[in-house]
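Participant: Need coordinates for the below:
(one chain, ligands or ions: 1)
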Amino acid sequence: MNKLILNAGREKSLKRRHPWVFSGAIAQVEGEPASGETVEVRSSAGELLALAAYSPRSQIRARVWTWGDVEIDASFFAKRIEDAASVRAALRIDKAGDAMRVVHGESDGLPGVVADRYGETAVMQILSAGPERWREAIADGLSALPGIARVWERSDADVRELEGLEPRSGLARGSPLPGAPVIHEHGLKFKVEIDAGHKTGFYLDQRDNRLLLRKLAAGKDVLDCFSYTGGFAINALSGGAKSVLAIDSSALALDRARENAKLNGLPDAEWLEADVFKSLRLLRDQGRSFDAIVLDPPKFAPTAAHAERASRAYKDINLFAFKMLRPGGFLMTFSCSGGVSAELFQKIVAGAALDAGVDARIETWLHAAADHPVALNFPEGEYLKGLLCRVSS
Ligand code: SAH
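Facilitator: I've put the predicted structure just below:
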């Protein structure tokens, strides 16, 4: 097998089970591995550390498949996918509805692979050279899961460019899609645009936080910022909110949100197509106030290098949210930036409350739902962190 020999001392992060090998760590490539081919990763002393997928075009030159001596073949992928599905089954994710993340990249031992299940449709995203090479095996593994009628591919994320891969999407396995799947989440219905929506179509990680908003929304005036297809807004409506204002910059997403409200027989929210940064200022200038505000922005800091600019953006929106909360009001605020730690995020939110001149406390930390595991020793993992804050009454 072809080999990557590391520079002296660069075996340390692999020994801590960090699953990436950066180009700068490599002293020598033995052989001529093709894009995505499995290579041995060895220390400068020749110790076998891992088997990994080779990405010749990316700065992340290899991603670990296994720390042990397991053969990387089609059955390896079948087994990893089965394992991932069986953990979700053990955690009874199905109790919350018929949509879940079945494969969560590195955290499920499958770097570069994401798969979400929407009813009987699995949506697969292949993001790097390794899984691109094993695409057929991965599609087979997903289509073999109980209850799956088709595998739809959405390998069109920008990160593929860094790997020199072309975008690809469409039906990969099974019967044609009869229409956009309608999923059930804690008893509510959502239509998921798997061919045109963001990522695989829906943000499943927020499932339980949306339910939490539903629980506390009764009689409240709610503002849902970065609403996408209305996940939080529709939960607020369903929880008996007095009014809901939802803001997103995507007209298409808001159209879907409107449809989703109808699908659930709920009254309509006020859907505002606008930039949240501008809208928050405008609403504040108009003297508007709310009993609950949700801030669920896209990732502002993909890596730690963007942390400073991202911190300013988080500070800005949280500041305006605190300024518009009534006494006793709730703020649900999130970050999914890999480059902003939970600790830093808490500091930013605390600073925003201080500058807004409000006294607030954290009621609880918020997390991604349990079908979104987090690999240990992998700070690059994009995981959702959030706070439920309450302004004193
Ligand atoms: N809360 C949603 C998911 C939000 S995803 C849910 O539960 O499903 C982030 C959303 O932010 C996307 O829909 C994107 O269109 C929107 N967005 C990104 N930047 C924005 C901006 N500056 N102003 C308004 N919306 C923005």
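Participant: how about the helices in the stretch 101-250 of the chain?
Facilitator: 129-133, 135-143, 207-216, 231-238 (DSSP state H, counting those that start in this stretch).
Participant: Which residues of the stretch 101-250 of the chain lie near the ligand?
Facilitator: 203, 206, 210, 226-229, 231-232, 247-250 (CB under 6 Å from any ligand atom). All C-beta atoms are positioned from the backbone trio N, CA, C, and that covers glycine.
Participant: Out of the residues you listed, which is nearest to residue 31?
Facilitator: residue 203 (41.5 Å; CB to CB).
Participant: Can you tell me the closest non-neighbouring residue to the residue in the stretch 201-350 of the chain positioned nearest to the ligand?
Facilitator: At 2.6 Å from the ligand, residue 231 is the closest residue in the stretch 201-350 of the chain, using CB to the nearest ligand atom. Nearest-residue entry for residue 231: residue 210, 5.2 Å, with adjacent residues in sequence omitted and distances by CB to CB, 6 or more residues apart in numbering.
Participant: can you check residue 47 too?
Facilitator: residue 11 (7.0 Å).
Participant: phi, psi of the one you found?
Facilitator: phi -80, psi -10 (degrees, to the nearest 10).
Participant: Next up, identify which helix or strand residue 29 is on.
Facilitator: Per DSSP states H and E, residue 29 falls inside strand 26-30.
Participant: got the residue ranges for the strands in the stretch 51-200 of the chain?
Facilitator: For the stretch 51-200 of the chain, the strands defined by DSSP state E, counting those that start in this stretch occupy 60-66, 99-104, 113-118, 121-126, 150-155, 168-174, 182-185, 188-191.
Participant: Run a quick neighbour tally on the residue of the stretch 51-200 of the chain found nearest the ligand.
Facilitator: Among all residues of the stretch 51-200 of the chain, residue 198 sits closest to the ligand, at 6.2 Å; criterion: CB to the nearest ligand atom. Using other CB atoms under 10 Å, the number of residues around residue 198 comes to 15.
Participant: and if you look at the one 4 residues further on?
Facilitator: As a burial measure, residue 202 scores 26 neighbours (other CB under 10 Å).
Participant: which ones are touching it?
Facilitator: Residues near residue 202 by CB atoms under 8 Å, 6 or more residues apart in numbering: 99, 116, 118, 183, 190, 192, 229, 231.
Participant: The first one and residue 192 touch, don't they?
Facilitator: Yes: with contact defined as CB atoms under 8 Å, residue 99 and residue 192 form a contacting pair (7.4 Å).
Participant: which neighbours do the two share?
Facilitator: 118, 183, 202.
Participant: can you put the residues you listed in JSON lines and add pLDDT?
Facilitator: Shown next, in JSON lines, are these (pLDDT from 0 to 100):
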{"residue": "118", "pLDDT": "98"}
{"residue": "183", "pLDDT": "98"}
{"residue": "202", "pLDDT": "96"}
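Participant: Please identify the helix or strand for residue 310.
Facilitator: In the assignment (DSSP H and E), residue 310 maps to helix 307-324.
Participant: what's in contact with that helix?
Facilitator: Residues outside helix 307-324 that contact it (CB under 8 Å, 6+ apart) are 223, 225, 276-277, 280-281, 283-284, 288-290, 293, 295, 297, 300-301, 331, 333, 335, 337, 339-340, 344-345, 348-349, 351-353, 355-356, 358, 360, 391.
Participant: cool, and stretch 370-383?
Facilitator: Applying CB under 8 Å, 6+ apart, the set of residues contacting stretch 370-383 is 16-20, 87-88, 91, 93, 100-102, 104-108, 204-205, 299, 302-303, 336-338, 341, 367-368, 384.
Participant: Give me the buried entries from those.
Facilitator: Buried members of the contacts of stretch 370-383, scored by 16 or more other CB atoms under 10 Å, are 18-20, 88, 93, 100-102, 104-108, 204-205, 299, 336-338, 367-368, 384.
Participant: Now do the SS call for the closest residue to residue 258 other than its chain neighbours.
Facilitator: Spatial nearest neighbour of residue 258, chain neighbours left out: residue 271 (6.0 Å); criterion: CB to CB, 6+ apart. Three-state call for residue 271 (DSSP: H, G, I helix; E, B strand; the rest coil): strand.
Participant: got the residues of the stretch 251-393 of the chain near the ligand?
Facilitator: 253, 275, 276, 277, 296, 298.
Participant: Okay, now the unreliable bits of the stretch 51-200 of the chain?
Facilitator: By pLDDT under 70, the stretch 51-200 of the chain has no low-scoring segment.
Participant: so who does the residue of the stretch 201-350 of the chain closest to the ligand touch?
Facilitator: 190, 202, 203, 206, 210 are the contacts of residue 231 under CB under 8 Å, 6+ apart.
Participant: Quick one: residues contacting residue 187.
Facilitator: With CB under 8 Å, 6+ apart, residue 187 has these contacts: residue 97.
Participant: swap that for residue 348, please
Facilitator: 311, 314, 315, 318, 340.
Participant: now, the most widely separated pair of those?
Facilitator: Using CB to CB, the contacts of residue 348 span at most 12.4 Å, a distance reached by 318 and 340.
Participant: Have a look at those two and say which one is more surrounded.
Facilitator: In this view residue 318 and residue 340 are compared by other CB under 10 Å, and residue 318 has more residues nearby, 27 against 23.
Participant: Specify the local secondary structure of the closest residue to that one other than its chain neighbours.
Facilitator: Once flanking residues are discounted, residue 318 sits nearest to residue 352: 3.6 Å by CB to CB, 6+ apart. Assigned with three-state DSSP, residue 352 falls in the helix class.
Participant: got a list of what residue 10 touches?
Facilitator: 25, 26, 43, 44.
Participant: The same query, at a cut-off of 10 Å, please.
Facilitator: Residue 10 makes contact with 21, 22, 24, 25, 26, 27, 41, 43, 44, 49 under the criterion CB atoms under 10 Å, 6 or more residues apart in numbering.
Participant: With that, I have no additional questions.
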